[in-house]
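Here you go, sequence then predicted model.
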Amino acid sequence: MQSKTIVVLGGGVGGLVVANELRRRLSRDHRITIVEKNAQHAFAPSFLWLMTGDRRPEEISRDVQQLVHKGVELLHGEARGIDLAAHRVETSAGSVTYDFLVVALGAELAPDSIPGLAESAQTFYTFDDANKLRIALRDFSRGKIAIVVTSLPFKCPAAPYEGAMLIADLFQKRGLRDKVDLHLFTPEPLPMPVAGPELGNAVRKMVEDRGITFHPLRKLTEVNPAPRTISFEGKESFAYDLLIAVPPHRSPLVVRESGLANQAGWVPVDSATLATKDESVYAIGDITAIPLPGRWKPDVPLMLPKAGVFAHAQALVVARRIADRIAGKAARDKFSGEGYCMLEAGEHLAGFASGQFLAEPSPQIKLRQIGRSWHLGKVLFEKWWLAAPGMKKGTLRLLIELGAKALRVPAIL
Ligand SMILES: Cc1cc2nc3c(=O)[nH]c(=O)nc-3n(C[C@H](O)[C@H](O)[C@H](O)COP(=O)(O)OP(=O)(O)OC[C@H]3O[C@@H](n4cnc5c(N)ncnc54)[C@H](O)[C@@H]3O)c2cc1C
């Protein structure tokens, strides 16, 4: 069999899983290279616990190299150009050629795209910012906090709601809850609209039960730092003491310029195979655009949420499909659209939303009663994700699989 080179752009959730799974399936004649611009990887779901002080920075981050299996080459550099015709990627550390390319570059944040936002808002959407926000919250003892989803799409549809509930819990524990007025603004009509009105109303109730005022259909247009106000399209402005934002998201420039992206900058793929329009190139995770069946606004389709659980499942599918193609077999593995999310609610409790996002005629998602087991599941997954390959990882995997079986829920590992 002729030796092949597979290049994976991005060493985040999708990139790590696809490269490690390929290494498990292919003989050492084949080369697997990850191109990643950061030396460190941090587990994004734990940014919320970093913000509340429940985790220290070193507990939720690792050198990327530690998470990469033996035999996967890690090229530390920024991908700057993709030449589809020449099968070549230009990076800040030289150029690499490929037989198969997997684009797993994720979404980046663009706070500068809304006037006043970058200089006024805190966020828990990056590792460093979540750590800064921990200090701002520690020093805050009275006033109005505005948590604002600035625009769609954004990563992890549950995260702003979890963030708001964990902040409410933080002030409750400090005995300051009655002195802190919490407000959550979003352009969405309900929380997590892809999951349908029943689930959205249930999450809205969870938020409101914790004394957080929910403001739907608010599209942020401007932040005015001097009198500390935020303005919304066609709605009244709001005066805040502390502003926490989910900044606008966009795709990395190298993808927008690649010829693979749609007008919005995301990469359309076949929802089952993750194939792009170029037969040697797959795309997975947050960078992709996958419309959902059934749920259409008048002119804009709702898309598969940007979530690690999907990046992970898609990575496994793509690794198996590439391995089959190299072996000259028909590739059969397909992405089913199954996903889940543990929704942190404070007091070490979480809800659990799961289902088939690609189900016809529309996604079928259920929310389970909140409880401690879902929170524990999230903690176990965090430990498994950050464990270096070896015995400990195998034991954690077994625990998660047993727990998921007992609770009759899926586990994507
Ligand atoms: C606060 C928060 C909480 C979350 N909670 C959950 C959760 O509970 N469950 C869940 O399923 N998802 C959650 N997510 C979402 C999840 O983290 C993402 O959906 C997931 O990381 C997407 O994986 P990805 O591989 O597509 O992108 P990423 O994991 O973002 O990886 C992209 C990688 O590409 C690298 N990169 C970017 N551009 C370049 C370039 N030009 N050259 C080289 N490297 C580059 C980046 O450094 C990064 O390492 C959360 C996200 C946040 C922010």
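Done, it's in. Numbering: from 1, shown residues only.

For the most centrally placed residue in the chain, grab phi and psi.
What sits nearest the mean C-alpha location of the chain, by Cα atoms, centre = their mean, is A307, with 3.7 Å. Phi and psi for A307, reported as degrees, to the nearest 10, are phi -150, psi 150.

Do I have it right that it meets C156?
Yes: look at A307 against C156 with Cβ atoms under 8 Å: they come within range, at 5.4 Å. The C-beta positions use only the backbone N, C-alpha and C, and glycine is treated the same way.

Mind listing the shared neighbours of the two?
Common neighbours of A307 and C156 (criterion: Cβ atoms under 8 Å, 6 or more residues apart in numbering): C341.

Which secondary structure elements does the helix or strand harbouring R397 sit against?
Per DSSP states H and E: R397 is located in helix 391-407. Under the contact criterion of 3 or more Cβ pairs under 8 Å, 6 or more residues apart in numbering; DSSP states H and E, helix 391-407 touches helix 372-386.

now the angle between helix 391-407 and the helix it packs on, please.
Angle, helix 372-386 to helix 391-407, by axes from the mean of the first three to the mean of the last three Cα atoms, to 10 degrees: 150 degrees.

Okay, buried residues for helix 372-386 please.
For helix 372-386, burial by neighbour count (16 or more other Cβ atoms under 10 Å) applies to 373-375, 377-386.

Identify all contacting residues around it.
43, 45-46, 60, 62, 67, 342-344, 348-352, 368, 393, 396-397, 399-400, 403-404, 407, 413.

at 6 Å what do you get?
Residues outside helix 372-386 that contact it (Cβ atoms under 6 Å, 6 or more residues apart in numbering): 43, 46, 62, 342, 348-350, 352, 396, 399-400.

Show me which residues of the stretch 201-350 of the chain sit near the ligand.
For the stretch 201-350 of the chain, the contact set with the ligand under Cβ under 6 Å from any ligand atom comprises 252, 254, 285-287, 306-309, 311, 341.

Among those, which one sits closest to the ligand?
Checking these against the ligand with Cβ to the nearest ligand atom, the nearest one is G285 at 2.2 Å.

before we move on, back to that, please flag which of the contacts of helix 372-386 sit within strands.
62, 342, 349-350, 352 (DSSP state E).

so can I have JSON lines of those showing neighbour count and distance to P193?
Output for those, formatted as JSON lines (neighbours: other Cβ atoms under 10 Å; distance: Cβ to Cβ, whole Å):
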{"residue": "R62", "neighbour count": "16", "distance to P193": "34"}
{"residue": "M342", "neighbour count": "25", "distance to P193": "19"}
{"residue": "L349", "neighbour count": "18", "distance to P193": "24"}
{"residue": "A350", "neighbour count": "25", "distance to P193": "20"}
{"residue": "F352", "neighbour count": "21", "distance to P193": "19"}
